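Student: 3D, please:
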Amino acid sequence: MVKFADEALIEVSSGNGGNGCVAFRREKYVPLGGPSGGDGGRGGDVVFEVRRNLRTLAHLRYKQTFRAENGRDGEGRNRYGRNGQDVVVTIPPGTILKDAETGEVIRDFGDEGRFLFLTGGNGGWGNVHFKSSTNQAPRAAMPGKPGETRRLRVELQVMADIGFVGFPNAGKSSLLDRFTNARPKIAPYPFTTKIPNLGVLTVGDRDIVLADIPGLIEGASEGHGLGIRFLKHVSRAAGLAFLIDLSDDAYLTAFDTLRKELAAFSVELTEKPRLIVATKLDLEGTEERLAELRGRCPEERVVAISVFNGTGLSELSREFSALVMRMEAEEAEDE
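Tutor: This next block holds a predicted model:
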């Protein structure tokens, strides 16, 4: 059973303000009494907070309603009601908040942040505020203001520097396992990866976040295989690594097929910085296939590797670092 959750519908409500109090001082030996009703407390707020240790929205599947505490009513002797406690909704990096009815994007979170979404209702005034020279004993107080309620669609798009794209069994999970502390499921049959996996590759003093996206197949845009459900997680990746299995008979057409499926999801994906990673170089006959692949894709940067014996892994880590640095420089120029 796949427990990865990247969408959820929730309802959030800020707290109501407490009511103001109508009260009078009636104390022995106090000759001058008067109004002494305190104000109501303020309702709690709804706050969204990014937690870096979260990876999915599974916790929002089990709890879908979040309500802040109401403010307490005011009391006599000018005692103010206590403010209601805020409700904090924790979310993973890369979360997007949308209005459930209109689909309007409310907030697009990056890898950190705290967002005050709904404020609680103000507390009502007690009768002490209504005292005047012509109204010495006011018997009026204000009710607290109501809070707000909104229904939201919460969507997750994982944050990564480089996303791995390739057919099933192209070696994406094996490469992530070799490069990072992530431990994705690895097995000699297709579709062992059913959820996106993240890992961090350290090159010098730089950390590069890598994302292993479940394998595409030809016709994925039409719903074949796992379809293109997880391609939205590649859309946030700054660059792409196309993994091509040199032992697969479709090695020459794999790159074109993968680009076609990406374009069916979003043309922007095909315009991202990229490189081709030819895998399983340790197998017999792959050297000749590598030369043919480079001849077919003369304008693409092709790095050949073998996770089994470590061939090309150092070069690939340098290529990943250079790719990220180039993308950061381009972003700085645009800004």
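Student: Downstream of the helix or strand of the chain with the lowest mean pLDDT, the next helix or strand is which one?
Tutor: Lowest on mean pLDDT, DSSP states H and E among the helices and strands of the chain sits strand 197-203, with a mean of 81. Proceeding N to C from strand 197-203, the next assigned helix or strand is strand 206-212, under DSSP states H and E.
Student: That next one: partners in the sheet, and parallel or antiparallel?
Tutor: According to DSSP bridges, strand 206-212 forms sheet pairs with strand 162-166 (parallel), strand 197-203 (antiparallel).
Student: Averaged pLDDT, it. What do you get?
Tutor: On average, the pLDDT along strand 206-212 is 83.
Student: and after that strand, which helix or strand comes next?
Tutor: strand 239-245.
Student: Output the contacting helices and strands for that next one.
Tutor: Counting by 3 or more CB pairs under 8 Å, 6 or more residues apart in numbering; DSSP states H and E, the packing neighbours recorded for strand 239-245 are strand 162-166, helix 254-265, strand 274-279, helix 313-334. For glycine as for every other residue, the C-beta is placed from the backbone atoms N, C-alpha and C.
Student: ok, and for the last one, which residues are buried?
Tutor: Residues Leu313, Leu316, Ser317, Glu319, Phe320, Ser321, Leu323, Val324, Met327 are the ones in helix 313-334 that count as buried (16 or more other CB atoms under 10 Å).
Student: Check the strands paired with strand 206-212 for me and report the most buried one.
Tutor: Mean neighbours per residue, mean count of other CB atoms under 10 Å, is largest over those for strand 162-166, with a mean of 26.
Student: Go ahead and name everything in contact with that one.
Tutor: Applying CB atoms under 8 Å, 6 or more residues apart in numbering, the external contacts of strand 162-166 come out as 172, 175-176, 208-213, 215-216, 233-234, 237-245, 254, 258, 262, 320, 323-324.
Student: repeat that with 6 Å
Tutor: With contacts defined as CB atoms under 6 Å, 6 or more residues apart in numbering, strand 162-166 is touched by 172, 210-213, 234, 237, 239-243, 258, 320.
Student: Stretch 79-97 too?
Tutor: Contact with stretch 79-97 is made by 15, 18, 38-51, 54-55, 66, 68-74, 106-109, 111, 120, 152, 155-159, as judged by CB under 6 Å, 6+ apart.
Student: Just the buried subset of those, please.
Tutor: Buried, going by 16+ other CB under 10 Å: 15, 18, 38-48, 50, 55, 66, 68-74, 109, 120, 152, 155-159, out of these.
Student: Give me the distance between the residue nearest to Arg318 when sequence neighbours are not counted and Val324.
Tutor: Setting aside the residues directly before and after it, Arg318 is nearest to Val203 in space (CB to CB, 6 or more residues apart in numbering), at 7.0 Å. Distance from Val203 to Val324, counting by CB to CB, to the nearest Å: 9 Å.
Student: what residues are shared contacts of those two?
Tutor: Counting by CB under 6 Å, 6+ apart, nothing touches both Val203 and Val324.
Student: could I get the strands paired with strand 206-212 as CSV with distance to Glu287?
Tutor: Putting the strands paired with strand 206-212 into CSV (distance: least, CB to CB, whole Å) gives the following:
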stretch, distance to Glu287
strand 162-166, 20
strand 197-203, 26
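Student: For PyMOL, write the select line for the buried members of the contacts of strand 162-166.
Tutor: In PyMOL, this line selects whichever of the contacts of strand 162-166 come out buried by 16+ other CB under 10 Å:
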select buried, resi 172+210+211+212+213+234+237+239+240+241+242+243+258+320
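Student: a markdown table for the contacts of strand 162-166, including distance to Tyr29?
Tutor: Below are those laid out as a markdown table (distance: CB to CB, whole Å):
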| residue | distance to Tyr29 |
| --- | --- |
| Lys172 | 83 |
| Leu210 | 77 |
| Ala211 | 75 |
| Asp212 | 79 |
| Ile213 | 79 |
| Val234 | 78 |
| Ala237 | 76 |
| Gly239 | 81 |
| Leu240 | 82 |
| Ala241 | 84 |
| Phe242 | 88 |
| Leu243 | 87 |
| Leu258 | 89 |
| Phe320 | 82 |
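Student: out of the contacts of strand 162-166, what pair is the most spread apart?
Tutor: Pairwise distances among those were taken by CB to CB; the largest, 18.5 Å, belongs to Leu258 and Phe320.
Student: on that earlier part again, figure out which of the strands paired with strand 206-212 is closest to Ala23.
Tutor: strand 197-203 (58.0 Å).
Student: with the contacts of strand 162-166 in mind, which one is nearest to Arg26?
Tutor: Closest approach to Arg26 among the contacts of strand 162-166 (CB to CB): Ala211, at 69.7 Å.
Student: Can you name the residues bridging to that closest one?
Tutor: Assessed by DSSP bridges, Ala211 has beta-bridge partners Gly163, Leu198.
Student: give me every residue that touches it.
Tutor: Val158, Ala160, Gly163, Pro196, Leu198, Ala237.
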